[in-house]
Structure formats: structure tokens, C-alpha cells
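Participant: Dropping the sequence and predicted coords here.
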Amino acid sequence: MVADPPLQKVTLGSTVHGSALLEDGPNPLPSHLSPSPSLLPSPKRTPTCRLSPSSRRLDRSGRGREEGLNLKTPKAERDLSTSIVNDFGDGTYTVAFDEDKIYTTVTDSGEEVEEWLDEIVRIHHRRLDHLIVGLDVEWNPASGFCALGPVAVLQICVGRRCLVFQIIHADYVPDQLGDFLGDGRFTFVGVGIHDDVDKLREHYDLEVENAVDLRYLAAQTIGKPALRSTGLQGLVWEVMDVWMEKPHHVRVSAWDSRQLTLDQVMYACADAFASFEVGRSLYDDYE
């Protein structure tokens, strides 16, 4: 195997979207999934730009805590700076999140989505009856009297593989994607996921069969009802013991752009992977 060139880290400068509180979602069913590490190909090139790191320590007096929520003090306080350590130049990246590296595919090609889904089914064929899938979507924020636009980006994460599908620019939305989202064996997890599901149904006629809101799963599993009103940032802190930056300027950026920025790629990947990892951890605890 050809050795990778020295890594050149690009860190997330700031980023994601908020979600309205929902009614209680479906009762989560116990499941178990241990993510399988993926082999990363040698990069064709590394990024030439460098962004300023934004990770900083959480103030123990309460900075970063969400109003009305008593989050635990982690055993080992860690900051989290999402970064791109490899840009392969073909729409694929290695994104670092805490101690994990996620192989990320960014595409508007229906064919590439089909190939990605085939790979996921192949890699996880032994656990398809209880597969956990991180799910998130991005769209342009409302401005003035303009309503929210359609979903621009769909993110799916299983294990350490993440798909960032620029669905608003897709040449076609493959039937295979609808089959994957509609597979009742899979549990799709996210924060405010029922809002996301509604948007996918409204704009793309895509149905998600089994969606579980992580807020309610966490409240039930950990025994903290206040978690029902937190966001992904708070859940990552509670479950993973890391402080996840969610830069506002990336959250409200132009997600319908033809070419996503590195900040947007990191933001989209981090949201989907964090959703997957929190869901996986909670289901492990549930058992």
C-alpha cells in the first residue's frame, strides 16, 4: 500500500440547522450496532487552504449549556474540532470528528448514490436487520417573507461512511434511495428527524419508514426528561463527552450552492455522523 502523504488539517471555522420541537416520536426498539472502520484510499491530493481552528474549552460556569438543561460533567472533558484531513479531489474526503475519521462522499449524481448504498449494504450485510442510520437534511434559511426552500442536501451516515447528497442539483433521485429510506429493518436517527422526514416527503416524495428522534430516545434511555428539549450539540456533550462546535454562519449558509465549501462539507458530515454515533451509543445503553 502506498503511504499517505503528510496530513494537512483544515478545521471547521464555525456551523447547523435548528429544529422545532416535535410531538413524541415512535417508541425506540432495542438494537445493537458497532460501527465498522472503513479502509481509506490513498489521497490524490490534500487541501491547499487552511482555516482557523474554532474549538475552544467549555466554560464550567455554564457557557455552552442549553437553558433549563443540566448536562453532566464528562469524565474527561474534550473539545471537538471537526476537520478535513484529506481531500481526494473527486468529491470524497476524510473528515475527522473527535477520534474518528469518516470517509465522506459529496455528490449530486444519482448513480454515485446508488453505488454508495450498494457499498453500505455490502459492508453491513450481517446487521441489516438492525441497522442504525444517521439522517439529516440542510436547506436555505427563510429570509424576510420568503418561506423555507426545499431540502438542498441530504446526509446519511452508517458507521464511518457518510453520504452528502446535493439532492437539489441531482440529475435524478434514484429509486434505490427511496427503497433504502423505506426499509423497515433500518432505524433512522436524528434530532428533529420528523421535520426532516416531512420535508423529504413534501419535496421529493421520499418516505422514511422508521425514524426515531434522538431527543426522546436519550430522555428515555438516560432518564433525563429535559433532554427532550435539547439539540444535537447538547446530546453529543451528554452522550459522547465532547463539545461539538455548531457555527452559525455555516448553518445559515447557501446550501443550494452548486459547490459546497469545505466548512459546509465538514458541517454536514459532522451532523450525520454525530447523529449516528449518539444513536448507536443510546441503543447500546438501552440493551
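Facilitator: Received, thanks.
Participant: where does Thr221 land in three-state SS?
Facilitator: With DSSP: H, G, I helix; E, B strand; the rest coil as the basis, Thr221 sits in helix.
Participant: In this model Asp284 seems to touch it, though I could be wrong.
Facilitator: No. Counting by C-beta atoms under 8 Å, Thr221 stays clear of Asp284, with 9.5 Å between them. (Glycine included, C-beta is placed from N, CA and C.)
Participant: Looking at those two, which is more packed in?
Facilitator: Ranked by neighbour count (other C-beta atoms under 10 Å), Thr221 and Asp284 place Thr221 first, with 20 against 15.
Participant: Return the per-residue confidence for the more buried one.
Facilitator: Looking at Thr221, its pLDDT is 94.
Participant: and the gap between it and Gly234?
Facilitator: Using C-beta to C-beta, to the nearest Å, Thr221 is found at 15 Å from Gly234.
Participant: same check, this time on Arg258
Facilitator: From Arg258 to Gly234 the distance is 33 Å (C-beta to C-beta).
Participant: So for the two, which sits in the more crowded spot?
Facilitator: Legend: neighbour count by other C-beta under 10 Å for Arg258 and Gly234, higher for Gly234 (21 against 9).
Participant: Please report how far that one lies from Val191.
Facilitator: Distance, Gly234 to Val191, by C-beta to C-beta: 9 Å.
Participant: ok, now Glu112?
Facilitator: Counting by C-beta to C-beta, the gap from Glu112 to Val191 is 27 Å.
Participant: Would you mind telling me which of these two has the busier surroundings?
Facilitator: Shown here are Glu112 and Val191; by other C-beta under 10 Å, Val191 has more neighbours (27 against 19).
Participant: pLDDT score for the more buried one?
Facilitator: For Val191, the pLDDT comes out at 97.
Participant: Over to Ser14?
Facilitator: On pLDDT, Ser14 comes in at 36.
Participant: The one 10 residues further on now?
Facilitator: Confidence per residue is given as pLDDT, and for Asp24 that number is 40.
Participant: Make residue 1 into 146 and carry on from there
Facilitator: Understood, numbering begins at 146; the last thing we discussed is Asp169.
Participant: Could you pull out the buried residues of stretch 247-263?
Facilitator: For stretch 247-263, burial by neighbour count (16 or more other C-beta atoms under 10 Å) applies to 247-255, 257-259, 261-262.
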